[in-house]
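Asks: Sequence first, then the predicted structure:
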Amino acid sequence: MKAILKAGLSLILMMSFTSLLAQKKTQNFTVTYEMNVSADKVWAVIGEDFGAIANSHPQIVSSEYINGSLKSGEGAERVCHFNDKGTKYVKEKQVNYDSENYTFQVQVFQVSKLPMDPDYSQAVYKVEQID
């Protein structure tokens with residue numbers, strides 16, 4: 001059996017001009033991975049172990065639950081560090097959590113030293129069984 005993970009990520013990039021005005025540009029993209037494992041196993045890593053994304057994402061140095069979150073699910077919050085000093089990070093909240101359909105959304109609510117605007121940054125994760 002194979003599973004597929006679709007993560008649609010929507011980011012806002014800030015473009016500065018020499019004048020005092022700035023224009024916001026949005027960027028949308030979809031990332032799809034096919035894996036030779038069951039959807040249940042993929043969901044266990046992606047959906048149920050939300051705070052430990054650093055264990056499966058090569059660009060994230062460390063991650064952990066924050067603000068009293070102890071496990072994944074609706075409203076769970078995590079921080080993802082992108083450098084060893086912990087100065088580049090995003091803080092995210094898991095929303096629209098649907099374990100039956102293997103899907104959830106991530107809302108970014110704080111960013112440090114990364115080209116993201118938390119008011120417009122989000123990701124949608126969906127695991128689908130393929131055969």
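Replies: Ah, there it is.

Asks: Check for me that residue 53 belongs to a strand.
Replies: No. Counting by DSSP: H, G, I helix; E, B strand; the rest coil, residue 53 falls outside a strand, being helix.

Asks: Name the nearest residue to it, ignoring sequence neighbours.
Replies: Spatially, and ignoring its direct neighbours in sequence, residue 53 is nearest to residue 63 (4.7 Å; C-beta to C-beta, 6 or more residues apart in numbering). Any C-beta I mention is one placed from the backbone N, CA and C, and that applies to glycine too.

Asks: which element is that neighbour on?
Replies: Taking DSSP states H and E as the criterion, residue 63 maps to strand 62-65.

Asks: Please, where are all the strands along the protein?
Replies: Ranges of strands in the chain, per DSSP state E, are 2-16, 22-35, 62-65, 77-81, 89-98, 103-112, 122-130.

Asks: show me where pLDDT drops low in this protein?
Replies: Applying pLDDT under 70 to the chain flags residues 1-24.

Asks: Could you list the paired strands of the strand holding residue 63 along with their orientation?
Replies: Next to strand 62-65 in the sheet, as set by DSSP bridges, lie strand 77-81 (antiparallel).

Asks: in the sheet, who's paired with the residue nearest to residue 53?
Replies: Residue 63 has these beta-bridge partners by DSSP bridges: residue 80.

Asks: Return the residues in contact with it.
Replies: Shown in contact with residue 63 (C-beta atoms under 8 Å, 6 or more residues apart in numbering): 51, 52, 53, 54, 57, 78, 79, 80, 81.

Asks: Assess the claim that the first one and residue 68 are in contact.
Replies: In other words, residue 51. No. Using C-beta atoms under 8 Å, residue 51 is not in contact with residue 68; the gap is 11.9 Å.

Asks: who has more neighbours, these two?
Replies: For residue 51 versus residue 68, neighbours defined as other C-beta atoms under 10 Å are more numerous around residue 51 (20 against 8).
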